[in-house]
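Student: Turn this into a model:
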Amino acid sequence: MKNTISTEEMMEKESISKVLLKLSVPAIIAMLINAIYNIVDTIFVGMLDNTSAIAAVSIVYPLFMFIGAIGIMFGAGGASYLSRLLGEKKKEEADKTLTSTIIIGCIFSLVFTVIATMFLDEFLLMYGATKTIMPYAKEYGYVIVMGSIFTIGTAIMTNTIRAEGNSRYSMIATCIGAIINIILDPILMFNFNMGIKGAAVATVIAQFASFIFLLRYYYSNRNYINFKINFFKPTFNMFFEILKIGIPIFVTQVLASFALGFMNLGAKPYGDAAVAAMGIVFRVMSIGFYIVFGIGQGFQPVAGYNYGAKNFTRLEESIKISIKWSTIAAVITSLLFIIFARECMIIFTRDKEVIDIGIKAFRAASLLFPLFGYVNTYAVLFQALGKATGAFILSISRQGIFYIPLIYILPKFMGLNGVIFCQTAADGLAFLETLIMAIWLKKQFKKEMSEELILDDDMKQIS
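Tutor: Reported below is the predicted structural model:
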């Protein structure tokens with residue numbers, strides 16, 4: 001019960017800045033460590049001095065994103081619903097939701113593993129593998145697919161634990177995985193002569209360690225929401241609430257996976273160097289994205305809780321602070337990537353062609369990145385409030401509605417520059433769309449606030 005009171009006091013009484021800082025910092029650290037997962041493998045694979053091997057990691061990464069999308073679908077969708085249930089003081093329903101979310105998510109992971117193993121070659125070709133890249137991509141990708149249950153389970157529990165305000169535990173779990181990954185990469189790749197396969201094995205072992213640590217949380221006295229097999233009582237309404245938020249997020253992640261695949265296909269005509277360079281830039285740029293995402297992860301439970309509690313004043317304040325912090329973070333990271341583009345590239349490769357393409361791509365991707373803070377805050381807000389239509393529209397826009405057509409059209413007119421500047425154009429269009437959606441949402445807030453005031457007046461008259 002102590003945990004409940006502290007969570008309620010934090011969400012309802014502490015200053016918004018303090019709450020967001022408390023929830024965002026662990027989430028940011030966890031997200032950055034997540035970025036390290038993706039970057040470390042590429043750094044060590046780069047030590048093999050093989051451009052095709054580096055490109056292979058880029059080819060498999062969209063598949064890894066797809067695996068993560070399944071976990072995030074259940075994790076973020078479940079977290080949004082859990083936050084609202086906690087705000088509404090529905091503890092028993094929260095217990096059932098948590099248990100059902102984790103179990104169903106793990107079942108999905110097993111189904112995916114079977115399908116992905118059967119059609120691995122087709123997946124890799126779809127994501128842009130060439131004849132020279134394919135052998136390395138298959139070796140790396142097979143191991144990643146076999147570890148899907150740990151990747152998906154980790155993504156689910158990271159979000160659900162954060163939903164009850166314990167971002168720190170989620171952060172520690174991610175740190176444990178990252179440290180293990182960094183230690184095992186060189187040992188398996190070079191000491192055991194496993195090459196690129198060693199990098200994949202290290203990643204799966206690291207995900208397994210995080211999975212076990214997160215599962216342990218629900219068998220300790222730290223948790224407020226309980227995970228027990230006898231709570232596995234899924235209902236239609238429960239999964240409607242989870243999936244109406246989870247599916248748009250899943251679509252976002254899948255579209256990001258497809259977008260990266262299309263990026264690889266767009267770069268493919270310009271050689272393995274172009275595929276490798278774009279893949280490196282995508283990974284390193286993820287550091288900036290994950291900082292903004294981390295702020296959004298801290299913002300989500302605050303928004304969901306205060307919306308559930310109908311505390312619109314604190315909700316509006318949290319939106320403003322989230323936009324401010326996200327934008328500042330995006331501006332700083334953009335400047336760093338523009339200034340240190342060359343230094344970032346030479347960490348991964350000494351191939352001059354790869355470096356030259358990468359420098360240009362870094363600077364192009366950084367141009368409109370500062371707008372992403374605003375876009376992400378509203379994307380998270382729609383998810384947290386359970387507004388499925390708005391969440392879905394914002395979710396499919398940046399990497400779907402805008403990016404995929406542009407990556408097909410721009411290279412026809414601009415060549416490799418079309419691939420390089422595609423994300424910049426998509427970011428600008430996504431920002432304009434978000435402005436329109438934000439105006440609509442503010443009108444909805446005013447309407448709901450008026451209805452709440454009328455209800456309060458009626459209750460006072462009755463009493």
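
Student: Tell me where the longest helix sits in the protein.
Tutor: Of all the elements of type helix in the chain, the one with the most residues (DSSP state H) is helix 416-462.

Student: Check which helices and strands it sits against.
Tutor: helix 236-267, helix 272-308, helix 312-339, helix 352-366, helix 372-384, helix 388-396, helix 403-414 (3 or more CB pairs under 8 Å, 6 or more residues apart in numbering; DSSP states H and E). Yep, even glycine has a C-beta here, placed from its N, CA and C like the rest.

Student: 6 Å instead, please
Tutor: Counting contacts by 3 or more CB pairs under 6 Å, 6 or more residues apart in numbering; DSSP states H and E, helix 416-462 packs against helix 352-366, helix 372-384, helix 403-414.

Student: and those helices, which is most packed in?
Tutor: Among the helices and strands packed on helix 416-462, ranked by average contacts under mean count of other CB atoms under 10 Å, first place goes to helix 372-384 (a mean of 26).

Student: re earlier: using a markdown table, lay out the helices and strands packed on helix 416-462 together with mean pLDDT and distance to residue 234.
Tutor: Below are those laid out as a markdown table (pLDDT from 0 to 100; distance: least, CB to CB, whole Å):
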| stretch | mean pLDDT | distance to residue 234 |
| --- | --- | --- |
| helix 352-366 | 96 | 41 |
| helix 372-384 | 91 | 21 |
| helix 403-414 | 94 | 34 |
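
Student: Present those as JSON lines; the columns should include distance to residue 128.
Tutor: As requested, these are arranged in JSON lines below (distance: least, CB to CB, whole Å):
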{"stretch": "helix 352-366", "distance to residue 128": "15"}
{"stretch": "helix 372-384", "distance to residue 128": "25"}
{"stretch": "helix 403-414", "distance to residue 128": "11"}
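
Student: do you know which of those helices lies nearest residue 321?
Tutor: Residue 321 lies closest to helix 372-384 among the helices and strands packed on helix 416-462, at 9.5 Å (CB to CB).

Student: Extract the C-alpha trace of stretch 321-333 and format it as CSV.
Tutor: The C-alpha coordinates for stretch 321-333 follow below in CSV (Å, rounded to 0.1, in the frame of the first residue of the first chain):
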residue,chain,number,x,y,z
ILE,A,321,7.4,21.2,-20.2
SER,A,322,7.7,18.1,-22.3
ILE,A,323,7.8,20.1,-25.5
LYS,A,324,10.3,22.5,-24.1
TRP,A,325,12.7,19.8,-22.9
SER,A,326,12.3,17.7,-26.0
THR,A,327,13.1,20.6,-28.3
ILE,A,328,16.1,21.7,-26.4
ALA,A,329,17.5,18.2,-26.4
ALA,A,330,16.8,17.9,-30.2
VAL,A,331,18.6,21.2,-30.9
ILE,A,332,21.7,20.2,-29.0
THR,A,333,22.0,16.8,-30.6
